[in-house]
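**Student:** Here you go, sequence then predicted model.
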Amino acid sequence: MNNKIKKQTVIDADKLSGEFYFQSLLQEAAIKGVLSPKEAERIQLECLKLLADSTERFTRGQSSSVRVEIAQGIMASNLFTIGIYLKSLPNLDTALFQVENEPLEKLYEQGLAVLKRKINVAHYFFNQVCKSKLKTANHAYNITIDQGFKPFFESYEINFHAHEIPSDIDYQLIHPVTDLAGVEFVIKYLESLYYENLFCLYFDADIIHEVMSGYDKAYQNLLENICAQIFQNALGCQLLNVPWHLLNFSPADLNSLDKKLRSHNQLELQTQLKRATEELITDLALTNRSLKKYLLASLPKITTTVYQGLVTNSLNKVFVPRFNPKTRPLVCYNMGLKMDDKAYRELVTEFLSCRFFEDKLAIIKEQIKSLADMEDLLIATELESAEAAKIFALLEDIELAVLAKRHPLHPTIDAIDFSASEVRMQHNLDAYLRTLPQARLAKILDMTTTIEVV
């Protein structure tokens, strides 16, 4: 027995699928010559017999045949269940020995027992998620916990549909669950969500709400991950050596972060963030090893996010200043009266007929008297980026802040909610703002949080 197991270590475990474990194990064993053609044929016949037995149970003995898609589903469930058992064994050698020396029916029965235990594990993590649930306005988060897993716990069927995931999961994790199915997917998702909850519980719920509102005032309707943003803000505070529990940044703070991080390449940046994470873990007195591992594993993704924020001069979208939606804006800005329709049409016609852009700028300086008319012109004339930049350069900071507030760049929804002309204007404005010095840009972006346009 020992000799037989010893020869089977040639299979690379990294090549095996988590979702289709049994099938990938058979494939690799055949490629490496661990399974002979005769053994492979025997396993195939036993799979067919197991399918026939399962089909009979499915029809309760009333029929020996079912539709093809149902048979395929039952077969997938059987193979998944066998894979669940094989994955529970100490190592690959033991799993291969079981496949070679035990009837598949026995492996299937063992798999059912493992599935039942895993359902209990899923219940455990679901209860932990419910106990640690955050107080947040985010709909995807709340619905996923409050309603999303009910179908799984009420109707998960291990005899014929073990590989399926009867649930409605919309909320996105820092680490998406991949290459898993059935109860294994649910366990991994709930375990990950539990760790994210545990981390966020170190911070005040109202502060978390203000951070996410700073990210997007309508964050309750987004699928964005809450923990990732809170972790990023906490790391930013750690890098600045300011109180981590406040999770807030002034324009000066963002400017300091930019100076501190801009000279680093991605590898150096990740080293900085890792050091900040380790310091944060110490400051939080965080003792849960799994949570520590989970946070550290997210650093490559966060490093990329921070690096892109530096490259695009949008660090305020990475380390997000808090915003209290209940706070009334401090500044009311009136965009002014628009000229009458006839005068505006004549203005646009004259503007478009100009051969030289200097003449267009002269028209703007002489005839545009309100930001309302300037906004209409910027949209209607569909300017190239360089031309639009020359017009934006005529505006005061508060006027740029008003336009940035009214025309934020949201690439994922622009194509649906805005016209092509409006999208062009948003891109032109975003491109111009990115050319500004960091201190001025930070000032303008900070103004957008205190302006109410009337």
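**Tutor:** It's in. Numbering: from 1, shown residues only.
**Student:** in this protein, which residue is closest to the centre?
**Tutor:** Nearest to the centroid of the C-alpha atoms of the chain, with distances taken as CA atoms, centre = their mean, sits Q172, at 4.9 Å.
**Student:** I368 and E375 touch, don't they?
**Tutor:** No - in this structure I368 lies outside contact range of E375 using CB atoms under 8 Å: 9.9 Å. Backbone N, C-alpha and C define where each C-beta goes, glycine included.
**Student:** mind listing the strands for this protein?
**Tutor:** Listed from the start of the chain, the chain has strands (DSSP state E) covering 331-333, 451-453.
**Student:** in stretch 109-126, what's buried?
**Tutor:** 110-111, 114-115, 118-119, 122, 125-126 (16 or more other CB atoms under 10 Å).
**Student:** Let me fix that, I meant to ask about stretch 146-159.
**Tutor:** Within stretch 146-159, the residues that qualify as buried are 148-149, 152, 156, 158, counting by 16+ other CB under 10 Å.
**Student:** of all the residues you listed, which comes closest to S77?
**Tutor:** The shortest separation between S77 and any of the buried residues of stretch 146-159 is 7.9 Å, and it belongs to I158 (by CB to CB).
**Student:** which residues sit in contact with the closest one?
**Tutor:** For I158, the contacting residues are 77, 81, 112, 115-116, 119, 183, by CB atoms under 8 Å, 6 or more residues apart in numbering.
**Student:** now swap in Y171 and tell me
**Tutor:** When the contact criterion is CB under 8 Å, 6+ apart, the partners of Y171 are 138, 140-141, 143-145, 148, 193, 223, 225.
**Student:** so how far is L395 from the nearest residue to M447 once chain neighbours are set aside?
**Tutor:** When the adjacent residues along the chain are set aside, M447 lies closest to A401, with 3.8 Å between them (CB to CB, 6 or more residues apart in numbering). Plainly put, A401 is 10 Å away from L395 if you go by CB to CB, to the nearest Å.
**Student:** same thing with V453?
**Tutor:** For V453, the distance to L395 equals 14 Å [CB to CB].
**Student:** Now do the closest residue to L352 other than its chain neighbours, the pLDDT please.
**Tutor:** Spatially, and ignoring its direct neighbours in sequence, L352 is nearest to T381 (6.5 Å; CB to CB, 6+ apart). The score at T381 is 87. That number is its pLDDT.
**Student:** what sits against T381?
**Tutor:** T381 makes contacts with 348, 351-352, as judged by CB under 8 Å, 6+ apart.
**Student:** Any chance of a ChimeraX selection covering the buried ones in the residues you listed?
**Tutor:** Command for ChimeraX that selects the buried part of these, burial taken from 16+ other CB under 10 Å:
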select :351
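**Student:** would you turn the contacts of T381 into a markdown table with pLDDT and distance to N288?
**Tutor:** Written out in a markdown table, the entries for those read as follows (pLDDT from 0 to 100; distance: CB to CB, whole Å):
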| residue | pLDDT | distance to N288 |
| --- | --- | --- |
| V348 | 91 | 62 |
| F351 | 92 | 63 |
| L352 | 91 | 64 |
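**Student:** Would you mind giving the contacts of T381 as TSV with distance to K301 added?
**Tutor:** Formatted as TSV, the entries for the contacts of T381 read as follows, by distance: CB to CB, whole Å:
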residue	distance to K301
V348	46
F351	46
L352	46
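**Student:** and of the contacts of T381, the nearest to A40?
**Tutor:** Minimum separation from A40 among the contacts of T381 (CB to CB) is found for L352, which lies at 73.9 Å.
**Student:** ok, that closest one to I169 distance?
**Tutor:** Applying CB to CB, the value for L352 to I169 is 51 Å.
**Student:** Could you do H123 as well?
**Tutor:** Computed as CB to CB, the H123 to I169 distance reads 16 Å.
**Student:** Repeat that for P176.
**Tutor:** In this view, P176 and I169 are 11 Å apart by CB to CB.
**Student:** Between these two, point out the one with more neighbours.
**Tutor:** I169 (20 against 9; other CB atoms under 10 Å).
**Student:** residues touching the more buried one, list them.
**Tutor:** Under the criterion of CB under 8 Å, 6+ apart, the contact partners of I169 comprise 144, 148-149, 189.
**Student:** sorry, back to before: just say which of the strands of the chain is most tucked in.
**Tutor:** Highest mean neighbour count of those: strand 451-453, a mean of 15 (counted as mean count of other CB atoms under 10 Å).
**Student:** Run through who's touching stretch 281-293.
**Tutor:** Applying CB under 8 Å, 6+ apart, the set of residues contacting stretch 281-293 from outside is 191, 195, 198-199, 202, 238, 244, 295.
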